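Enquirer: okay, here's the prediction I keep looking at, along with the sequence it came from:
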Amino acid sequence: MTHPYRRWLKGLVFAACFVPVLPLVALAWLEKRLTRGEQLFTGFSQLLALLPSRLGVGLRAAYYFGTLDECSWETNVGFGTIFSHRHARLGARASMGAYCVIGHADIGPGVRIGSRVSIPSGKRQHLDAAGRLSSSERFDTVAVGEGSWIGEGAILLAKVGYGCIVSAGAVVTTAVPDRSVVGGNPARVLRGPR
């Protein structure tokens, strides 16, 4: 049983972490409104990724709370982890390890992501509608369902359903059904819905 004041105390710590990142949030917001660019957003993301310990975790949570399309204040973003685009969603109690790179993603509540996981913005970023190499970027949002676990070094290019387990090193290229276990390259279902 958790102490009744624990969540209140966590909220207070979060508020204290939000104060020092407020100038970064304001500059990233102005960049979004005035230029539609992401250079400042990404630069601040990289800067904050270098801060160690619980202080770094708190400052990253506060920064992403203020800059992503949607982000709960109850998140854990590990050392060296960056969001490369602001068009991402991060649910409550979502946690990711060190050195992850996240693009356009919708990460559900309670998702656990190991270290060195990559979630680029879909699998067609540099292709046009006909499948030819193109200089225009085309982003897809990769969703990870509530309560899923993503193993170390996995690469997610397609949706992962809720309650799934993605094995370490797996490369997900097609949608993963809810409550499944997948692994391999390309990932295949090792155990169907549980």
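Expert: Received the coordinates, thanks.
Enquirer: pLDDT weak spots in the protein?
Expert: Scanning the chain for pLDDT under 70 picks out 1-2, 122-138, 194.
Enquirer: switch the cut-off to 90
Expert: 1-13, 36-37, 121-140, 191-194 (pLDDT under 90).
Enquirer: what about the longest helix in it?
Expert: helix 6-34 (DSSP state H).
Enquirer: for that helix, name the packing helices and strands.
Expert: Packed against helix 6-34 by the contact rule (3 or more Cβ pairs under 8 Å, 6 or more residues apart in numbering; DSSP states H and E) you find helix 39-49, helix 53-67. C-betas here are computed from N, CA, C, even on glycine.
Enquirer: what's the angle from that helix to helix 39-49?
Expert: 150 degrees (axes from the mean of the first three to the mean of the last three Cα atoms, to 10 degrees).
Enquirer: residues touching the residue nearest to residue 92 when sequence neighbours are not counted, list them.
Expert: Distances taken as Cβ to Cβ, 6 or more residues apart in numbering place residue 72 nearest to residue 92, at 3.9 Å, with adjacent residues excluded. Going by Cβ atoms under 8 Å, 6 or more residues apart in numbering, residue 72 touches 65, 90-94, 109.
Enquirer: so how do I select the buried members of those in ChimeraX?
Expert: A single ChimeraX command is used to select the members of the contacts of residue 72 judged buried by 16 or more other Cβ atoms under 10 Å:
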select :65,90,91,94,109
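Enquirer: can you put the contacts of residue 72 in TSV and add distance to residue 170 and secondary structure?
Expert: Below are these laid out as TSV (distance: Cβ to Cβ, whole Å; DSSP: H, G, I helix; E, B strand; the rest coil):
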residue	distance to residue 170	secondary structure
65	29	helix
90	21	strand
91	21	coil
92	25	coil
93	23	coil
94	19	coil
109	22	coil
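Enquirer: quick one: which of the contacts of residue 72 is nearest to residue 139?
Expert: residue 90 (16.8 Å; Cβ to Cβ).
Enquirer: let me see the contact set for the spatially closest residue to the closest one that is not a sequence neighbour.
Expert: For residue 90, ignoring the flanking residues on the chain, the nearest one in space by Cβ to Cβ, 6+ apart is residue 71 at 4.4 Å. Going by Cβ under 8 Å, 6+ apart, residue 71 touches 61, 64-65, 88-90.
Enquirer: mind listing what's buried in the longest helix of the chain?
Expert: In helix 6-34, counting by 16+ other Cβ under 10 Å, buried: 14, 17-18, 21, 24-25, 28, 31.
Enquirer: re the thing from before, from the helices and strands packed on helix 6-34, which stretch is densest packed?
Expert: Stretch with highest mean neighbour count among those: helix 53-67 (a mean of 20; mean count of other Cβ atoms under 10 Å).
Enquirer: show me what that helix is packed against.
Expert: helix 6-34, helix 39-49, strand 70-71, strand 76-77.
Enquirer: any idea which of the buried residues of helix 6-34 is closest to residue 144?
Expert: Distances from residue 144 to these, taken by Cβ to Cβ, are shortest for residue 14, at 22.8 Å.
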